[in-house]
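The following comprises the amino acid sequence and a computationally predicted model.
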Amino acid sequence: MLTRVYLDTSAIGGCLDEEFSLWSKKLFREFETHRKIAVISDLTLEELRGAPQSVKVLPLRIPEASRELVQFTDEAETLSKEYIRQNVVSRLHLADAQHIAIATVEKVDVLVSWNFKQIVNLNKIHQFNAVNLKLGYRMLEIRSPREVLDEKEV
């Protein structure tokens, strides 16, 4: 079974960011060679609409066999609002809560992000997962793209 990796917008944009491109590009190579499945939400695609064309096309380079499209459902909306109600993130970071909620509802293996303040942050990860467990969801792995690469890629 291949690892299902939810991509937030920063993980995709990281391909063109000097600080993160090495790791994001390696992760994309793992999708392109069908070693992992990229899980991409309608929310991520919507956020990419305002990105440069060179970023917008990146998800399309992932072969269909290695790409899964998912939707922001009513269930994910309810869960994202609970993260805000429980003060995991503020309303200003609603999109971050929505990404976490989609990945949780879709039962992905891991969510990857370069957002170290609101997402890839040990305290936040614990808080998101406390809400998840309290509501009957499983814990969500949250990592940077660098942390999910196959060892031979690092």
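Thanks, I have the structure now.

List the buried residues for the helix or strand of the chain with the lowest mean pLDDT?
One helix or strand of the chain scores below all others by mean pLDDT, DSSP states H and E: helix 53-56, with a mean of 92. The neighbour-count check on helix 53-56 (16 or more other C-beta atoms under 10 Å) flags residue 55 as buried. Yep, even glycine has a C-beta here, placed from its N, CA and C like the rest.

Could you report the distance from residue 115 to residue 107?
Computed as C-beta to C-beta, to the nearest Å, the residue 115 to residue 107 distance reads 21 Å.

Outside of the least confident helix or strand of the chain itself, list whatever touches it.
By C-beta atoms under 8 Å, 6 or more residues apart in numbering, the residues outside helix 53-56 that reach it are 12-13, 15-16, 48-49.

Low-confidence regions, the protein specifically.
Residues of the chain that meet the criterion pLDDT under 70 lie in 152-154.

now do 50
Applying pLDDT under 50 to the chain flags residues 153-154.

Residue 40 and residue 72 touch, don't they?
No: taking C-beta atoms under 8 Å as the definition, residue 40 is not a contact partner of residue 72, at 11.8 Å.

Neighbour count for those two, which is higher?
Between residue 40 and residue 72, counting by other C-beta atoms under 10 Å, residue 40 is the more crowded of the two (24 against 18).

Partner strands of the host helix or strand of that one, with direction?
Residue 40 belongs to strand 36-41 when assigned by DSSP states H and E. The strands beside strand 36-41 in its sheet (DSSP bridges) come out as strand 3-7 (parallel), strand 67-70 (parallel).

Save those strands as TSV, and put in distance to residue 77 and mean neighbour count too.
Output for the strands paired with strand 36-41, formatted as TSV (distance: least, C-beta to C-beta, whole Å; neighbours: other C-beta atoms under 10 Å):
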stretch	distance to residue 77	mean neighbour count
strand 3-7	16	23
strand 67-70	13	16
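
would TSV of those strands with distance to residue 93 be doable?
Listed next are these as TSV, based on distance: least, C-beta to C-beta, whole Å:
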stretch	distance to residue 93
strand 3-7	17
strand 67-70	20
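
closest to residue 103 out of those?
Among the strands paired with strand 36-41, strand 3-7 comes nearest to residue 103, with 4.0 Å by C-beta to C-beta.

outside of the closest one, which residues touch it?
Strand 3-7 has contacts (C-beta under 8 Å, 6+ apart) with 27, 31, 36-41, 44, 59, 68, 99, 102-103, 106, 108-112, 148.
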